[in-house]
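S.K.: predicted model and sequence below, questions to follow.
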Amino acid sequence: MYNSLLDVLLCVADCGSFTKAAEKLYISPTAVMKQINALEQQLDLRLLTRTNHGVRLTASGESVYKDAKGMIAYSAQALERARRAAAAQTVIRVGTSMLNPCKPFMDLWNRVNDRLPQFKIAIVPFEDDHAEILSVLDHIGATFDFLVGVCDSAAWLRRCSFYPLGEYRLCCAVPVRHRLAAKERLRLTDLYGETLMMVRRGDSPINDRIRDEIERHPQITIADTAHFYDVGVFNRCEQTGSVLSTIECWKDVHPSLVTIPVDWEETIPYGLLYARRPSAAALRFLEAVQALTPPAGQADPQPAI
């Protein structure tokens, strides 16, 4: 292995004296001599002959001198190769939050990473805030390259591109002590007399279609939420004892809520959200995903709750 004391040996040999080498190395002649002595002890070889006129290499010293030149050149080349390899690594940044966790992305990554050996993953957390999520999406591509989320939102789709991976069922959540909590499946008639919290009209065609059906049942009271959920919506459901329109992938968001399938059999697509003008690295990742993932509508079914 390359030894930094070899630099001192080369300098002394080239200068022909400890004093001149010390001037070049900006250390004292005594320090130069100590380092040469240390190298000779490590190698168990006599490398220099000391004379009144300076120093000269022994036969062993000449051999080490020649090989040291090669080792130093090789070390420089190895370092340069390592720097190029580091520069060649591409980092894909993945957004994650409580309602948009990165686990589905990581499951996908585990399927494609053999095709992308130079790629690395960085997880970038962000807060679920219904008032700020559009700003988060406006910066996709700058703050992070991808997030995985459910997406039927016109406002979202105006801000980013969407690659569908599959679908989640739309369900209802109720507090654990709610009268419906023990149900394995709900009918709309089960919701009679209840207040159903759900996204207000105008942003999600799927949600609007469900509202059309529910409004045919005046026995159900609809309470509008903001277009985009955050954790506060789940807290309000638990605190008011209401029923919440939700998605199967959010069943663990709030420990005091139970998520139950509903007879309406509606689903909402989920997939990769990314910039309108993605980077070359993001496009390369998408190509790898497309090679292994079935087209939209043919993704592996999600497990039942």
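M.R.: Great, that's in hand.
S.K.: please parse this protein into its domains.
M.R.: The record assigns the chain these domain ranges, following automatic domain parsing: 5-86, 91-292.
S.K.: got the ones you listed as CSV, with mean pLDDT and mean neighbour count columns?
M.R.: For glycine as for every other residue, the C-beta is placed from the backbone atoms N, C-alpha and C. Rendered in CSV, the data for the domains of the chain read as follows (pLDDT from 0 to 100; neighbours: other CB atoms under 10 Å):
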stretch, mean pLDDT, mean neighbour count
domain 5-86, 86, 15
domain 91-292, 94, 17
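S.K.: tell me how far the longest strand along the chain is from the chain's mean position?
M.R.: When secondary structure is assigned using DSSP state E, the longest strand within the chain turns out to be strand 161-175. Between the centre of strand 161-175 and the centre of its chain there are 22 Å (CA atoms, centre = their mean, to the nearest Å).
S.K.: adjacent strands (with direction) for that strand?
M.R.: Each strand that pairs with strand 161-175, with its direction, by DSSP bridges: strand 243-247 (antiparallel), strand 257-261 (antiparallel), strand 267-274 (antiparallel).
S.K.: out of those, nearest to Asp44?
M.R.: strand 267-274 (61.4 Å; CB to CB).
S.K.: that's a strand at Val148, yeah?
M.R.: Yes: under DSSP: H, G, I helix; E, B strand; the rest coil, Val148 falls within a strand.
S.K.: for it, give me its contacts.
M.R.: With CB atoms under 8 Å, 6 or more residues apart in numbering as the criterion, the residues that contact Val148 are 94, 100-102, 104-105, 108, 165, 270-273.
S.K.: in the sheet, who's paired with it?
M.R.: Leu272.
S.K.: hang on, isn't Ala22 packed against Ala31?
M.R.: Yes: checked against CB atoms under 8 Å, the pair Ala22 and Ala31 is within contact range at 7.0 Å.
S.K.: isn't Val253 right next to Asp230, touching?
M.R.: No: Val253 sits out of contact with Asp230 when judged by CB under 8 Å, with a separation of 10.1 Å.
S.K.: shared neighbours of these two, anything?
M.R.: Residues touching both Val253 and Asp230 by CB under 8 Å, 6+ apart: Leu99.
S.K.: can you show me the strands along the protein?
M.R.: When assigned using DSSP E, the strands of the chain occupy the ranges 48-51, 54-57, 90-96, 119-125, 146-150, 161-175, 195-199, 221-225, 243-247, 257-261, 267-274.
S.K.: these: which one's closest to Ala288?
M.R.: Closest approach to Ala288 among these (CB to CB): strand 119-125, 8.7 Å.
S.K.: and that closest one, C-alpha only, in CSV?
M.R.: Once side chains and other backbone atoms are set aside, the C-alpha atoms of strand 119-125 remain, and they are given as CSV (Å, rounded to 0.1, in the frame of the first residue of the first chain):
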residue,chain,number,x,y,z
PHE,A,119,-28.8,5.4,-8.4
LYS,A,120,-29.2,6.2,-4.7
ILE,A,121,-32.3,7.1,-2.8
ALA,A,122,-32.7,10.1,-0.4
ILE,A,123,-35.9,10.4,1.7
VAL,A,124,-37.2,13.9,2.0
PRO,A,125,-40.0,14.4,4.7
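S.K.: partner strands of it and their direction?
M.R.: Sheet pairing of strand 119-125 (DSSP bridges) gives strand 90-96 (parallel).
S.K.: for Ala223, list each beta-bridge partner.
M.R.: On the basis of DSSP bridges, Ala223 takes part in beta bridges with Met197.
S.K.: hang on, isn't it packed against Thr195?
M.R.: Yes: when contacts are counted by CB under 8 Å, Ala223 is listed as touching Thr195 (5.2 Å).
S.K.: which neighbours do these two have in common?
M.R.: By CB under 8 Å, 6+ apart, the residues touching both Ala223 and Thr195 are Ser242.
S.K.: tell me who's in contact with Tyr163.
M.R.: Listed by CB under 8 Å, 6+ apart, the contact set of Tyr163 reads 271-272, 274, 286, 289, 296.
S.K.: quick check: of the residues you listed, which lies closest to Leu116?
M.R.: Sorting the contacts of Tyr163 by distance to Leu116 puts Val289 at the head of the list, at 10.1 Å, by CB to CB.
S.K.: grab the nearest non-local neighbour of the closest one.
M.R.: Counting by CB to CB, 6 or more residues apart in numbering, Val112 is the residue found nearest to Val289 once chain neighbours are left out, at 6.0 Å.
S.K.: sweet, I'm off.
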